[in-house]
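Colleague: A predicted structure for the sequence below; I have some questions about it.
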Amino acid sequence: MLTISLRKLARGPVDLAGTVDLDEEPWTNTDLAFREAPAYDLTARETGDGVVHVTGTLRATLEVECRRCLTAVPHPVDLTIDWLYDPGLEGEPEEEGVFPLDREAGALDLTPQIREELLLNEPPYPLCRPECEGLCPRCGTNLNEDTCDCEQETGDPRWEQLYEQLED
Ligand SMILES: [Zn+2]
Ligand SMILES: [Zn+2]
């Protein structure tokens with residue numbers, strides 16, 4: 001469980017270690033795909049004024065798709081967590097890693113931030129390898145594995161002309 005009772009927290013620091021159960025909400029209904037479920041090792045403590053400080057690590061292996069050839073690629077994520085939950089905070093937090101805390105809820109759920117953190121750490125342009133040849137735009141052959149007989153694009157002739165002029 002990624003929920004910490006605030007009453008328990010008032011008595012001293014709370015350790016949370018384990019692996020996210022991907023069969024539970026909201027993980028069953030998310031844009032993230034995993035090769036290895038997120039593992040967390042966190043400590044929460046109250047720092048005064050009801051502020052809760054959460055520190056530790058979060059590790060997971062995401063599964064992303066190569067943008068060129070669409071192969072599933074593992075993407076390891078290894079994060080250091082340093083979050084502050086502030087009951088005095090209203091509206092959108094301005095500082096990174098600072099979130100509002102509803103003390104009346106009686107418990108603090110870390111799930112939304114964990115999910116957010118993983119989404120932020122998805123690579124924007126994943127590639128299976130830097131020199132990936134991708135798929136043939138005409139027949140869809142994976143050009144890393146095979147060749148095809150399609151005529152490959154040879155570039156825009158107007159650019160060719162420009163390059164020739166530049167070389168003169
Ligand atoms: Zn690829
Ligand atoms: Zn082809």
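Modeller: Happy to help now that I have it. Ligands and ions are numbered 1, 2, ... in the order given.
Colleague: so Glu117, which state does it fall into?
Modeller: At Glu117 the chain is in helix, as set by DSSP: H, G, I helix; E, B strand; the rest coil.
Colleague: what's the spacing between it and Gly97?
Modeller: 10 Å (C-beta to C-beta, to the nearest Å). Where you see a C-beta, it was placed from the backbone N, CA and C, and this is true even at glycine.
Colleague: neighbour count winner among these two?
Modeller: Glu117 (18 against 12; other C-beta atoms under 10 Å).
Colleague: so the more buried one sits right up against Leu79, yeah?
Modeller: Yes - using C-beta atoms under 8 Å, Glu117 is in contact with Leu79, at 6.1 Å.
Colleague: show me whatever sits in contact with both of those two.
Modeller: Residues touching both Glu117 and Leu79 (C-beta atoms under 8 Å, 6 or more residues apart in numbering) are Leu58.
Colleague: which phi and psi values does Gln113 adopt?
Modeller: Backbone torsions for Gln113, taken as degrees, to the nearest 10, come to phi -70, psi -40.
Colleague: before we move on, what about Thr141?
Modeller: Per-residue torsions, Thr141: phi -60, psi 140 (degrees, to the nearest 10).
Colleague: kindly report the same for the one 4 residues further on.
Modeller: Comment: the main-chain dihedrals of Glu145 come out as phi -110, psi -20, following degrees, to the nearest 10.
Colleague: counting neighbours, what do you get for Glu90?
Modeller: 8.
Colleague: typed the wrong thing, it's Leu108
Modeller: Using other C-beta under 10 Å, the number of residues around Leu108 comes to 22.
Colleague: what does Val54 give?
Modeller: Neighbours around Val54, by other C-beta under 10 Å: 22.
Colleague: same check on the one 5 residues further on?
Modeller: Burial of Arg59, expressed as a neighbour count using other C-beta under 10 Å, amounts to 15.
Colleague: from ligand 1, how far off is it?
Modeller: The spacing between Arg59 and ligand 1, counted by C-beta to the ion, to the nearest Å, is 25 Å.
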